[in-house]
Structures are given as structure tokens and as C-alpha cells.
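**Q** sequence and predicted structure are below.
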Amino acid sequence: MNDTRHFALIGLARFALLTALGAWAVACAPPPTIAPATADPLILSATPVGQRPMRAVLGAGAAWVANAGDGTVSRLDPASGQVTATIAVGDPTVFTARDECTGGVHSFHNTSFEVRQCDVPSAVVVAAGSVWAAKNEANALVRIDPARNAVIDTVALGGKPWALAATDDAIWVSDYDDDALIRVDARSGAVAGRIAGLPHGPTEMAIAGDALWVLTSRSASVTRVDPRSGRVVATVSLAARPTGIALVGDEVWARNDEGTMFRVDTRTNAVIGTFAAAGGEGRPGIDLFAPTAAGVWVPGIGLRLVDPATQQVRRQIDLICYAVTAAPDGTLWVLDIMGRVLRLRP
């Protein structure tokens, strides 16, 4: 081959490669934002925890993270952000032994809830001075004494736990498979009630006074339940399966897996608006956004601060993340794409 033809072929190859890379960059670029991205915030700590970690839950003098891939809960110091204890609460290999895990994360499409069918624990919450974690392989809840970092009780639920939410006197457990909610007395640890017959697939929850709001994800809706009577008060369509929920003033915000945030008025139980919020990242049910005095922090390809009044992005931090929790001291606890828990001063 002569030199002229040789270099021409090299040039064509380079052109094709650059064209392909350009197309890939366009296809993989994050969606445009309303506000320009800012510099990284002050990262106070970046802490690896266990396998397949969930969002941080604050209370009982610490941050607590359920590690859904290894059956443990990590305790993090609120000042340093470092792990101070790892507590065994369950055994994910039980599911494997039963041949109940049908594949890894790549066996399902991105928004499939089945990818989480072998999580242990699937959730953690703080209530009545104790830390509670799902023991999924036993259809149970365990109670952790934060003074000893040890499991002190196990509660048989009679159903399959998915998410946990707490009030001063109760832990609410969603049962995705059986379309039910289970109420556990936070002081005695006894099962105190069960609400059955919900729309399909209850997952994440938010509680405000006399209202328990539940994402009924297989039904692409959010359902309001009266926690005292167990009556379903209202069911609101969200057009596609929801993955995250938060209470924002007099509104419930729920993001579906198509990246639309729905605003539901808690006084009328009606949708009063929607806005584009991109899609949640990570496995379904990890999606968590954090209302603060400055606005609502929404995770995704970027960590965005949204104005509740205008639904416009006030600020964006270049950080791919799955969940964000706001602390009373103004810091944010963020689960990032690397499975680390970051403590930020935004």
C-alpha cells in the first residue's frame, strides 16, 4: 500500500472515530438545566459503606445506612461522617439458597422493581429511640439498640417488608407483593394492625399528621391512607411508576420513572401541577429528595436545588447521586454513584 493511500485511510478512520465519539457524547450527555452548574460544594466526608447501600437515615445520634447486598446496617458519626459500627441484621444468602434471586442488576430493565427482590435489609428507620431494619429473608423487622449497636428484638410481620416510615409511636411497613401496609407499635414492638387491599405495589411512604401517603408503584399512583381507620382516602394517578416521594409544605411531590415530578395538594388530594425533574438514578425505591428552607434538593445526574414556588432550578451541583437527606445543621447526606455516603456543606 502506498503512503498516500495509507495516510488517507488513517484519516478516514480518525474521522469516523471522532464522529462516533461525538454522537456518543450527545446521546449520553445529561439533560439541559435551567440554572448553570456550580462548583462542587465543600465535601466534608466521603465514606464507603457496605454492599448496595440505601439512603442515609438520621436519628438516635447517628446516620444509618441499610446495606441491601450484605445484610448489614452501617452507623456513621454525624460529625466525621465515618463508619463507627456495622451491625448484622439479616442474611441475603438465604434468598440465593432458595433460588429466589433470578438474576443480577443487569437482568432487569432500569426501572424494574424486581431487581430489589433479594435486598436484605431493604430499609432502615429510627423510631422511639430505637433503630429498625427490615429482615427481608424472614419477613421480619429487627430492633437495634443504638447504645449497644446490637439487635435486641425480632418482629415477625406476616408480610414482606419493602420500605419503612415512622411516627412517634409506630413503624409503617409497606408490603409490595401483597398490596398492604403493616403497623408496628414502636414501643412494644408488636404488630398493631394491617391495611390490605391497596392499589398494587406499595413502596415508599411519607407521613403528615392524619395522612399516610404511599406510592403504589405498580399502579402508577400515590395513595392517601387514614392511618387511624385504615381507609383509603384517595388515589392519584402519576402516569408512570413512581419511585420517590416527599412532603413539601402543603404538597406531596412524587417523581415517576419517566422523570416527571407530580405536585399533589394535600388539602384537596388533587394534582395541581407537574414539572420535568429528569429521572431518578439507581435502583427503584432508593430515590429520595430533601426539602429544606432553601428549596428541595433533587438527586439524579446532577444534584439540583428546586424552588418550590416556581419549580425552577436554583442551583445544580455536578454530582451523580441516588438519594439526598437534609440534616438540621444544614449539611446534606448524599448517596453517590460509587456507593459512598457523602456529607456536603452546600
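**A** Sure, I can see it. Since we're looking at a predicted model, the values are computed, not measured.
**Q** CA atoms for contacts and neighbours, from now on please.
**A** Noted.
**Q** closest to the centroid, which residue in the protein?
**A** Ranked by distance to the mean C-alpha position of the chain (C-alpha atoms, centre = their mean), the top residue is Ile286 at 2.1 Å.
**Q** now do that one against Asp265, distance only.
**A** 24 Å (C-alpha to C-alpha, to the nearest Å).
**Q** same question for Val313.
**A** Using C-alpha to C-alpha, Val313 is found at 21 Å from Asp265.
**Q** between those two, point out the one with more neighbours.
**A** Neighbour count, other C-alpha atoms under 10 Å: between Val313 and Asp265, Val313 has more, with 20 against 17.
**Q** tell me the pLDDT of that one.
**A** As predicted, Val313 sits at a pLDDT of 95.
**Q** dump the residue contacts of the closest residue in space to it that isn't next to it in sequence.
**A** Nearest residue to Val313, sequence neighbours excluded (C-alpha to C-alpha, 6 or more residues apart in numbering): Val306, at 4.5 Å. Counting by C-alpha atoms under 8 Å, 6 or more residues apart in numbering, Val306 touches 295-298, 312-315.
**Q** again, but for Glu137
**A** By C-alpha under 8 Å, 6+ apart, the residues touching Glu137 are 90-92, 94-95, 118, 120.
**Q** and if you look at Ala133?
**A** 66, 73, 89, 121-125, 141-144.
**Q** for these, which one is nearest Val131?
**A** Ile144 (4.9 Å; C-alpha to C-alpha).
**Q** now for that closest one, how many residues are close by?
**A** Residues near Ile144, counting by other C-alpha under 10 Å, number 22.
**Q** that one: what's it in contact with?
**A** Contacts for Ile144 (C-alpha under 8 Å, 6+ apart) come out as 130-133, 150-153.
**Q** beta partners of it?
**A** Under DSSP bridges, the beta-bridge partners of Ile144 are Val131, Val151.
**Q** which ones among the contacts of Ala133 lie within strands?
**A** Using DSSP state E, 66, 73, 124-125, 141-144 are the members of the contacts of Ala133 that sit in strands.
**Q** can you pull the contacts of Trp172?
**A** Counting by C-alpha under 8 Å, 6+ apart, Trp172 makes contact with 164-166, 181-184.
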